[in-house]
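K.L.:
Build me a structure from this.
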Amino acid sequence: MCRRLFDIMLSLLALAILLPAFLAISLVISLSSPGGVFYRQKRVGKHNKDFSLLKFRTMKRDSDKKGLLTIGRQDPRVTATGRWLRKHKLDELPQLINILAGDMSFVGPRPEVRKYVEMYTGEQKEVLTVRPGLTDLASIQYINENELLAESKDPEKTYIEKIMPDKLKLNLEYIRNRNALTDLRIVLITLGKILR
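P.N.:
Next up, the predicted model:
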């Protein structure tokens, strides 16, 4: 309950402070490429339930039909504005709405798409016992995930066989040892990485 109250208060405060940024980003996206401002994607949340994850749209319309993984900095599906938003992690800001709605928390395992969740082992499914988060240890460890995938001859195979298991291992360790201090540390490290 304390964690949920923290999520509500902080997400409300962040949304109020960042409202001008939301409006500015929305305007730039609208003017730079056809399509909506927000991108909604079904992700798997707590108790294995689907929810709509919100992001600022960074790709050309219907790009997700050509694959779920973004590969490298020069993925042709990503718009020029989208590249800048992704570089600074600003495309993730609408997930503050997901946090306020109770779909997500500030810290927790990043929510995955159903296709990959279906590949989880019984042990790995333990990550679905908590709310997914805006950031986690795996996001910090794999902040350059797109570049790693770009170097692979078979990006999806690399993701499924190497990256996804590593991320799930980190998330399981987090769940088994999580506390307020760990969450604060993850938030501060994430902010530090973004600012650098």
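K.L.:
Could I get the buried residue list for the lengthiest helix in the chain?
P.N.:
Selection of the longest helix in the chain by residue count, based on DSSP state H, yields helix 2-32. By neighbour count on 16 or more other C-beta atoms under 10 Å, the buried set for helix 2-32 is Arg3, Asp7, Ser11, Leu15, Phe22, Ile25, Ser26, Ile29. (C-beta placed from N, C-alpha, C; glycine too.)
K.L.:
What distance do you get for the first one to Arg178?
P.N.:
When you say that, I think you mean Arg3. As judged by C-beta to C-beta, to the nearest Å, Arg3 and Arg178 stand 9 Å apart.
K.L.:
likewise the fifth one?
P.N.:
Taking C-beta to C-beta as the measure, Phe22 and Arg178 are separated by 30 Å.
K.L.:
do the same with the second one
P.N.:
Using C-beta to C-beta, one gets 14 Å for the distance from Asp7 to Arg178.
K.L.:
any chance you could map the strands in the protein?
P.N.:
Assigned by DSSP state E, the strands in the chain fall at 38-44, 50-56, 105-107, 133-135.
K.L.:
Tell me which of those strands sits nearest to Thr158.
P.N.:
For the strands of the chain, proximity to Thr158 was assessed by C-beta to C-beta; strand 38-44 is nearest, at 20.8 Å.
K.L.:
how far is that closest one from where the chain is centred?
P.N.:
10 Å (C-alpha atoms, centre = their mean, to the nearest Å).
K.L.:
other SSEs contacting that strand?
P.N.:
strand 50-56, helix 114-117 (3 or more C-beta pairs under 8 Å, 6 or more residues apart in numbering; DSSP states H and E).
K.L.:
CA-only coordinates of that strand, as PDB, when you get a sec.
P.N.:
What follows is strand 38-44, C-alpha atoms only, in PDB (Å, rounded to 0.1, in the frame of the first residue of the first chain):
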ATOM      1  CA  PHE A  38       1.000   8.300 -28.600                       C
ATOM      2  CA  TYR A  39       1.900   4.700 -29.300                       C
ATOM      3  CA  ARG A  40       0.000   2.000 -27.400                       C
ATOM      4  CA  GLN A  41       1.200  -1.500 -27.200                       C
ATOM      5  CA  LYS A  42      -0.200  -4.500 -25.300                       C
ATOM      6  CA  ARG A  43       2.200  -5.600 -22.600                       C
ATOM      7  CA  VAL A  44       1.900  -8.200 -19.900                       C
END
